[in-house]
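**Student:** sharing a model that was predicted from the sequence below.
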Amino acid sequence: MPRSPDHADNPFNRDNLLTLARQYDGPVWAYDAQIIRQQIDKLRHFDVIRFAQKACSNLHILRLMREAGVKVDSVSLGEIERALVAGYQAGEQSDEIVFTADVLDAPTLARVAGLKIAVNAGSVDMLHQLGAVSEGHRVWLRVNPGFGHGHSQKTNTGGENSKHGIWYSDLPLALEAIHRYNLKLVGLHMHIGSGVDYQHLAQVCDAMVAQVIASGQDIEAISAGGGLSVPYQPGGETIDTQHYFGLWDNARQRIAAHSGHPVKLEIEPGRFLVAESGVLISQVRAVKDMGSRHFVLVDAGFNDLMRPAMYGSYHHISALAGNGRPLDESKTLETVVAGPLCESGDVFTQQEGGKVETRALPAVRTGDYLIFHDTGAYGASMSSNYNSRPLLPEVLFDRGEARQIRRRQTIDELLALER
Ligand code: LLP
């Protein structure tokens, strides 16, 4: 949830946001490093915090994570290269990078094998492909326990409708492949979806214990995956990280007792570490009434912030006066907030399935700004060039300074691949 824009110690105070908006003359992502560090500290009980960089893969954010002692998860060749450039170490002795995927394409397989990066296998085929070229490679098994959970069907990563992981009853096939290629099993991993629900979590922990025992293998570690939610809605639930850790720690202890030695507990969050650290600043470019609806159109679209169009996700929206006239915050209008794309679904106030909703906002005019909050996770990292719109710049507020960590893509860069 957004902090007060009136606090000078909040980097996202009115003055800073306005300065940024004017300086960039177009939509811009901004992050607050302090929030990221605070979120990391809430998870320090875990032996390893591994950042699911798909949530926000900017190199400078990755460096911040590395400096704070956070390891990294990569899901593509591009994410492996990002981790390396950010300073993460690969190699047989390093557990800094883990590659988690459902598929190993040929170039990625060659790089993973060459760098000896541990692979979290999401299918038995992956184990055969890896084993054939890299005997003795370190692997994790990502187990699909047969059920899942998510804030949307699209983020549910367990159960029979999910493509992820190795189906729990196929564990013997995975172990057979491990044996055949002399692969080194590090541990078992379960990520069943984004958006934690404690009732489900107890089930996941039980399933993890059962799977480890069923495997009959001696493992070093278990991974709880990601999925910790953040309060996007005003008054939304804040996860109790102590309680969350307690449930997993209990599972870990049962596994350690069974194994007769300590077992490390990893966690792999994306959203929890970065969502609340980010905002997207956009400018109001058109205001119009159509039938009973009041529309405000801004210069950022779903190619920039995809979550509302993709999942009906809620992002808190606040208004900032930008044209010399203060906003009357005492009166609000039920407003549909939309973007510039040539597509009807380019609406930020919608439910999953596309039903258009409204948000109570002060009466803004062209030149004012709308700020989308809690966009640090799956914001910039999910952006696209749809409608031939360049990727937006990113700015990091850290220790009193605002630093550009990505410049705006140019139209020339966008066309370069086709010239
Ligand atoms: N680990 C694995 C194996 C994952 O697949 C994911 C997310 C995570 C960790 C991190 O999940 P988190 O802690 O961020 O919930 N684009 C969607 C979320 C997709 C998540 C995909 N996997 C969104 O904007 O909500």
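**Tutor:** Received the coordinates, thanks.

**Student:** can you give me the helices for the stretch 251-400 of the chain?
**Tutor:** 271-274, 307-311 (DSSP state H, counting those that start in this stretch).

**Student:** deepest of these, which one?
**Tutor:** Scoring the helices of the stretch 251-400 of the chain by mean neighbour count under mean count of other CB atoms under 10 Å gives helix 271-274 as the most buried, with a mean of 29. Using the backbone N, CA and C atoms, a C-beta is placed for each residue, glycine as well.

**Student:** ok so, going back, so can I have JSON lines of the helices of the stretch 251-400 of the chain showing distance to the ligand?
**Tutor:** Converted to JSON lines, the helices of the stretch 251-400 of the chain look like this (distance: least, CB to the nearest ligand atom, whole Å):
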{"stretch": "helix 271-274", "distance to the ligand": "4"}
{"stretch": "helix 307-311", "distance to the ligand": "5"}
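
**Student:** how about residue 271, nearest residue that isn't a chain neighbour?
**Tutor:** Leaving aside its chain neighbours, residue 271 sits nearest to residue 377 (4.0 Å; criterion: CB to CB, 6 or more residues apart in numbering).

**Student:** pretty sure residue 27 sits against residue 279.
**Tutor:** No. At 10.7 Å, residue 27 and residue 279 do not qualify as touching, with contact defined as CB atoms under 8 Å.

**Student:** would you mind naming what in the stretch 101-250 of the chain lies close to the ligand?
**Tutor:** 155, 157, 191, 194, 225, 226, 227, 228 (CB under 6 Å from any ligand atom).

**Student:** among these, which one lies nearest to residue 47?
**Tutor:** Nearest to residue 47 among these, counting by CB to CB, is residue 225 at 14.7 Å.

**Student:** burial count for the closest residue to the closest one other than its chain neighbours?
**Tutor:** Spatial nearest neighbour of residue 225, excluding adjacent residues (CB to CB, 6+ apart): residue 191 at 2.6 Å. The number of residues packed around residue 191, counting by other CB atoms under 10 Å, is 26.

**Student:** do the same with residue 172
**Tutor:** Neighbours of residue 172 using other CB under 10 Å come to 12.

**Student:** again, but for residue 48
**Tutor:** Neighbours of residue 48 using other CB under 10 Å come to 18.

**Student:** was I right about it contacting residue 266?
**Tutor:** Yes. Using CB under 8 Å, residue 48 is in contact with residue 266, at 4.1 Å.

**Student:** shared neighbours, those two?
**Tutor:** Common contact partners of residue 48 and residue 266 (CB atoms under 8 Å, 6 or more residues apart in numbering): residue 221.

**Student:** report the two of the residues of the stretch 101-250 of the chain next to the ligand separated the most.
**Tutor:** Greatest spatial distance in these: 157 and 228, 13.9 Å, computed using CB to CB.

**Student:** ok, back up a step: make JSON lines out of the helices of the stretch 251-400 of the chain and add mean pLDDT.
**Tutor:** Shown next, in JSON lines, are those (pLDDT from 0 to 100):
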{"stretch": "helix 271-274", "mean pLDDT": "98"}
{"stretch": "helix 307-311", "mean pLDDT": "97"}
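
**Student:** out of these, flag the one nearest residue 247.
**Tutor:** Residue 247 sits nearest to helix 271-274 of all the helices of the stretch 251-400 of the chain, at 15.5 Å, using CB to CB.

**Student:** contacts for that closest one next, please.
**Tutor:** With CB under 8 Å, 6+ apart as the test, helix 271-274 has contacts from 31, 36, 39-40, 43, 49, 51, 55-56, 61, 65, 70, 194, 226, 228-230, 239, 376-378.

**Student:** out of those residues, which are buried?
**Tutor:** Taking 16 or more other CB atoms under 10 Å as the criterion, what is buried in the contacts of helix 271-274 is 31, 36, 39-40, 43, 49, 51, 55-56, 61, 65, 70, 194, 226, 228-230, 239, 376-378.

**Student:** in strands only, show me the residues you listed.
**Tutor:** 31, 49, 51 (DSSP state E).

**Student:** the first one and residue 393 touch, don't they?
**Tutor:** No. Judged on CB under 8 Å, residue 31 makes no contact with residue 393 at a distance of 11.7 Å.

**Student:** okay if I get the ones in strands among the buried ones among the contacts of helix 271-274 as TSV plus pLDDT and distance to residue 135?
**Tutor:** What follows is these, written out as TSV (pLDDT from 0 to 100; distance: CB to CB, whole Å):
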residue	pLDDT	distance to residue 135
31	98	42
49	98	31
51	98	30
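
**Student:** centroid residue for this structure?
**Tutor:** Closest to where the C-alpha atoms of the chain average out (CA atoms, centre = their mean) is residue 55, at 2.4 Å.

**Student:** pLDDT added to the residues of the stretch 101-250 of the chain next to the ligand, as JSON lines?
**Tutor:** Output for these, formatted as JSON lines (pLDDT from 0 to 100):
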{"residue": "155", "pLDDT": "70"}
{"residue": "157", "pLDDT": "70"}
{"residue": "191", "pLDDT": "88"}
{"residue": "194", "pLDDT": "79"}
{"residue": "225", "pLDDT": "95"}
{"residue": "226", "pLDDT": "94"}
{"residue": "227", "pLDDT": "93"}
{"residue": "228", "pLDDT": "94"}
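
**Student:** so residue 108 sits in a helix?
**Tutor:** Yes. According to DSSP: H, G, I helix; E, B strand; the rest coil, residue 108 belongs to a helix.

**Student:** which residues does the residue lying closest to residue 43 once chain neighbours are set aside contact?
**Tutor:** Nearest residue to residue 43 in three dimensions, chain neighbours excluded: residue 49, at 5.1 Å (CB to CB, 6+ apart). For residue 49, the contact set (CB under 8 Å, 6+ apart) comprises 40, 43, 69, 70, 71, 266, 267, 269, 273.

**Student:** for the first one, which residues are in contact?
**Tutor:** It stands for residue 40. Contacts of residue 40 by CB under 8 Å, 6+ apart are 49, 65, 68, 69, 70, 273.

**Student:** excluding chain neighbours, give the residue nearest to the second one in space.
**Tutor:** Leaving aside its sequence neighbours, residue 65 sits nearest to residue 51 (CB to CB, 6+ apart; 4.8 Å).

**Student:** distance of that neighbour relative to residue 87?
**Tutor:** Spatial separation of residue 51 from residue 87 under the definition CB to CB, to the nearest Å is 13 Å.

**Student:** now do residue 184
**Tutor:** 25 Å.

**Student:** swap in residue 320?
**Tutor:** For residue 320, the distance to residue 87 - CB to CB - is 36 Å.
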